[in-house]
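In: Build me a structure from this.
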Amino acid sequence: MPKLTVDGIEVEVAPGATVLQACEEAGKEIPRFCYHERLSIAGNCRMCLVEMERAPKPVASCAMPAADGMVIKTDSDLVKKARNGVMEFLLINHPLDCPICDQGGECDLQDQAMAYGFDSSRYDEVKRSVKDKELGPIVKTIMTRCIHCTRCVRFSEEVAGVPTMGAVYRGEETEVGPYIEASINSELSGNLVDLCPVGALTSKPYAFTARSWELKKTDSIDVMDAVGSNIRIDARGPEVMRVLPRLNEDVNEEWISDKTRYAIDGLKRQRLDRPYVRVDGKLKAASWDEAFAAIQAKLSGLSGKKIAAIVGDTVDCESMTALKDLMGKLGSPHIDCRQDGAKIGTEARGSYIFNTTIAGIEEADACLIIGANLRKEAPIINSRLRKRWKQTAGAFKVAMIGESWDPTFKHDYLGAGPETLKDVLDGKNAFAKVLEAAQKPMIIIGMGGLAREDGDAVLATARAIADKFGMVVGEWNGFNVLHSAAARVGGLDLGLVPGKGGLATQEILDAAAKGKIEAVYLLAADEIDMSKLEKAFVIYQGCMGDAGAQAADVILPGAAYTEKNGTYVNTEGRVQQGWRAVFPVGEAKEDWAILRALSAVLGQTLPYDTLDDVRTRMIAINDVFAGLNVTRKAEWSDFGVAGDMKPEGFVSAVRNFYMTDPISRASVTMAKCTEAFVSGTAEGKVA
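Out: Next comes the predicted model:
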């Protein structure tokens with residue numbers, strides 16, 4: 001390992017490390033614009049210049065490999081003069097936009113100009129101007145501010161896998177932008193805004209709305225998919241202004257999807273801010289007491305076998321715990337957290353989580369994807385697969401069965417449906433040899449394969465493939481279920497599945513249509529066929545006026561995920577907690593508290609009064625909730641039901657990435673993205 005001296009401090013770094021990394025190891029701050037830990041080295045900006053002994057001139061530390069015996073100086077007069085010169089050149093053409101720039105207050109160029117710049121300029125030539133580029137509904141461009149660091153170019157090429165951006169022309173005429181005038185069609189395009197060190201790329205929906213120092217920052221967890229991306233919610237007063245990524249190497253690194261980032265404006269529209277009761281066929285505003293009285297009047301004396309509950313996709317674990325306990329006290333076995341009817345049970349935890357873990361993808365050497373479109377269902381996981389593919393220079397083999405889609409890296413398309421899946425199991429497909437030769441193969445099965453009538457048989461076949469090709473050996477478990485709902489794994493961990501004699505989601509709907517189920521409790525459940533609930537008494541609890549609220553006889557306004565402290569379990573079984581950023585709107589309350597209050601009115605009081613009490617109850621149900629931010633190895637046991645599979649091809653569970661839940665459907669930004677990227681396509685027509 002190379003040993004070098006930085007400002008008199010001897011440091012030892014890993015082979016392949018750069019001088020910049022060695023300087024940071026020594027505790028020295030090195031300014032930079034083009035360098036980023038997750039992108040390839042460009043060496044464009046020259047801001048990271050340092051003095052190296054015996055070198056004739058300052059060297060760019062980001063591009064210089066650290067070598068044994070190097071003597072580096074980061075604070076000499078030569079270095080200071082060099083950095084001052086670089087900053088002076090960068091500012092020659094940079095416009096004086098700071099007072100009106102959205103990047104103001106969190107701009108790398110501002111910060112480093114304060115540290116390394118002059119108080120005046122020696123240049124009085126006319127500043128150049130560059131025409132702005134149209135990159136779509138997400139990213140706003142003011143390209144005159146661009147300093148040609150090319151972070152955006154490298155991100156779109158290397159991480160997003162959509163090589164739309166590039167640099168054209170030469171010298172002073174250089175411009176960064178799309179080669180052909182076009183929007184950036186990537187589910188990760190919003191990360192360009194975070195990467196840009198100046199105000200050239202800013203957030204179009206957030207433009208001119210707030211300054212960074214006005215915002216209260218709260219750590220939370222994303223609920224727009226099942227990845228569980230770590231996010232920071234920035235709010236001003238009662239309003240959520242923006243969502244940014246938080247660093248978590250094991251989950252989302254420092255990226256988030258565009259839906260995670262921009263669907264937040266949906267919370268400003270179609271909100272449920274007070275209780276409603278249906279009177280003479282019309283919903284009318286009511287008090288909490290009136291809403292509870294209407295529920296009590298219906299449920300009093302009603303057999304538990306005629307009451308059912310369905311849980312939605314964005315619900316926190318505390319709320320699901322309260323609903324489970326309330327249904328238990330009412331004597332109802334009819335409860336289900338699987339809105340889509342996925343054929344997964346709670347007997348074996350390894351049968352419904354992403355066992356490899358998201359970070360574990362970087363150890364795999366082959367992957368088979370079944371019935372999932374990762375770019376729509378989990379863009380962050382897709383970017384990990386691409387990262388692994390790049391790490392191995394294409395040696396990481398990926399194949400898919402189901403719909404044909406572009407994962408942004410080289411892959412093999414094997415076929416559309418179960419017949420191909422069976423061929424892989426029987427060794428008739430060429431990819432079987434790839435799995436057989438792999439040391440750490442993995443399989444990813446999505447809801448497109450499990451949310452079918454033959455989902456049990458598909459699951460059993462996938463498990464058989466995992467067993468046959470050694471996907472579960474020692475500490476390695478390559479069997480992975482990809483969920484598309486943030487609440488799904490938490491619901492399964494808590495046992496929100498039908499009890500003895502209980503009905504699953506579709507059976508509940510069919511029974512309600514026949515009048516056998518007389519009352520249905522929808523906890524933020526909006527993705528079901530509401531027409532089958534016309535004969536039933538429907539209680540809807542949630543934060544948005546979506547399909548469930550339209551079908552309801554009583555509406556109980558709950559808090560959105562930004563408005564409550566909640567626990568969520570992501571697709572890999574990682575238990576995480578989010579914190580309240582703003583208070584619920586109007587008369588809305590936290591969901592578990594609503595259920596606790598309702599239980600008292602119904603004479604079935606739940607045994608907890610605080611959030612900590614609810615969490616203690618969660619741990620009593622399943623001790624997985626005792627460990628936060630960790631993944632637990634699941635036991636490998638038998639699951640699935642072998643049987644015949646229907647010949648129809650697997651279809652992704654998500655048709656329109658930008659609109660998958662009530663919040664994103666109410667979002668103006670997501671509507672613009674749908675119009676720009678989905679409308680007119682096959683997905684748009686289906687959606």
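In: Make sure G161 is indeed in a helix.
Out: No: G161 sits outside any helix when classified using DSSP: H, G, I helix; E, B strand; the rest coil, being coil.
In: count of residues packed around it?
Out: 21 (other CB atoms under 10 Å). From N, CA and C alone the C-beta is placed, and that goes for glycine too.
In: One more: E37?
Out: 7.
In: Just say helix, strand or coil for it.
Out: E37 is classified as coil under three-state DSSP.
In: Would you agree T18 is in contact with I41?
Out: Yes: taking contacts as CB atoms under 8 Å, T18 lies within contact range of I41: 7.3 Å.
In: which residues are common contacts for the two?
Out: Residues touching both T18 and I41 (CB atoms under 8 Å, 6 or more residues apart in numbering): 62-63.
In: between these two, who's got more neighbours?
Out: Applying other CB under 10 Å to T18 and I41 shows that T18 carries more neighbours, namely 20 against 15.
In: what sits against that one?
Out: Applying CB under 8 Å, 6+ apart, the residues contacting T18 are 41, 61-66.
In: need the residues you listed in CSV with secondary structure and distance to E518, can you?
Out: Converted to CSV, those look like this (DSSP: H, G, I helix; E, B strand; the rest coil; distance: CB to CB, whole Å):
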residue, secondary structure, distance to E518
I41, coil, 66
S61, coil, 72
C62, coil, 68
A63, coil, 71
M64, coil, 74
P65, strand, 73
A66, coil, 73
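In: between these, which has the most around it?
Out: So for these (other CB under 10 Å), the most neighbours sit at S61, 29 neighbours.
In: give the contact list for it.
Out: Counted by CB under 8 Å, 6+ apart, S61 has contacts 18-20, 23, 30, 48-50, 72.
In: repeat for M544
Out: 266, 270-272, 524, 526, 560, 662-663, 666.
In: Now with 7 Å, please.
Out: The contact partners of M544, by CB atoms under 7 Å, 6 or more residues apart in numbering, come to 270-272, 662-663, 666.
In: Just the ones of the residues you listed in helices?
Out: Residues of those located in helices (DSSP state H): 662-663.
In: List only buried entries from the contacts of M544.
Out: 271-272, 662-663, 666 (16 or more other CB atoms under 10 Å).
In: For the contacts of T18, give me TSV that also has distance to D553 and pLDDT.
Out: Formatted as TSV, the contacts of T18 follow (distance: CB to CB, whole Å; pLDDT from 0 to 100):
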residue	distance to D553	pLDDT
I41	62	94
S61	67	94
C62	63	94
A63	67	93
M64	70	94
P65	70	93
A66	69	93
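In: Tell me the one among those residues nearest to A487.
Out: I41 (41.4 Å; CB to CB).
In: Need the nearest residue in space to Q103, chain neighbours excluded.
Out: In space, and not counting its chain neighbours, Q103 is closest to G199: 3.6 Å by CB to CB, 6 or more residues apart in numbering.
In: Just give the number of residues close to that neighbour.
Out: Count around G199 with other CB under 10 Å applied: 26.
In: Can you pull up the most central residue in the chain?
Out: Geometric centre of the chain, nearest residue: S229, 4.4 Å, by CA atoms, centre = their mean.
In: residues in contact with that one?
Out: 222, 245, 251-252, 256, 260, 380.
In: Need the per-residue pLDDT for it.
Out: With respect to pLDDT, S229 scores 97.
In: Please tell me how far it sits from I256.
Out: 5 Å (CB to CB, to the nearest Å).
In: what residues are shared contacts of the two?
Out: The contact lists of S229 and I256 share 222, 245, where a contact means CB under 7 Å, 6+ apart.
In: which residues in the stretch 551-687 of the chain form strands?
Out: Using DSSP state E, counting those that start in this stretch, the strands of the stretch 551-687 of the chain run over residues 554-557, 566-569, 575-578.
In: repeat for the stretch 201-350 of the chain
Out: Counting by DSSP E, counting those that start in this stretch, the strands of the stretch 201-350 of the chain are 201-203, 216-221, 230-236, 239-245, 276-279, 282-285, 307-311, 334-336.
In: Now do the contacts for K140.
Out: 202-204, 207.
In: Apply 10 Å and report the result again.
Out: K140 sits next to 102, 132-134, 193, 199-208 when contact means CB atoms under 10 Å, 6 or more residues apart in numbering.
In: Ok, Y116 next?
Out: 31, 47, 80, 82-88, 90.
In: if you set the cut-off to 8 Å instead, what comes out?
Out: Going by CB under 8 Å, 6+ apart, the list of residues near Y116 reads 31, 47, 80, 83-84, 86-87.
In: mind pulling up the phi and psi values for it?
Out: Per-residue torsions, Y116: phi -120, psi 0 (degrees, to the nearest 10).
In: returning to that earlier point: switch the strands of the stretch 551-687 of the chain over to CSV; also include mean pLDDT and mean neighbour count.
Out: Output for the strands of the stretch 551-687 of the chain, formatted as CSV (pLDDT from 0 to 100; neighbours: other CB atoms under 10 Å):
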stretch, mean pLDDT, mean neighbour count
strand 554-557, 98, 26
strand 566-569, 97, 26
strand 575-578, 97, 22
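In: Report the two of the contacts of Y116 separated the most.
Out: M47 and K80 (12.4 Å).
In: higher neighbour count, the two?
Out: A count of neighbours by other CB under 10 Å puts M47 above the other of M47 and K80, at 26 against 14.
In: is it true that the more buried one touches P31?
Out: Yes: using CB under 8 Å, M47 makes contact with P31 at a distance of 4.8 Å.
In: anything in contact with each of the two?
Out: 83, 112, 116.
In: Is it correct that the first one is in contact with M47?
Out: The reference is to R83. Yes: if you go by CB under 8 Å, R83 and M47 touch, sitting 6.5 Å apart.
In: shared neighbours, these two?
Out: Common neighbours of R83 and M47, using CB under 8 Å, 6+ apart, are 31, 116.
In: returning to what we had before: of all the strands of the stretch 551-687 of the chain, which one comes closest to L450?
Out: The nearest among the strands of the stretch 551-687 of the chain, by CB to CB, is strand 566-569 at 17.5 Å.
In: dump the residue contacts of L533.
Out: Going by CB under 8 Å, 6+ apart, the list of residues near L533 reads 509, 512-513, 520, 551.
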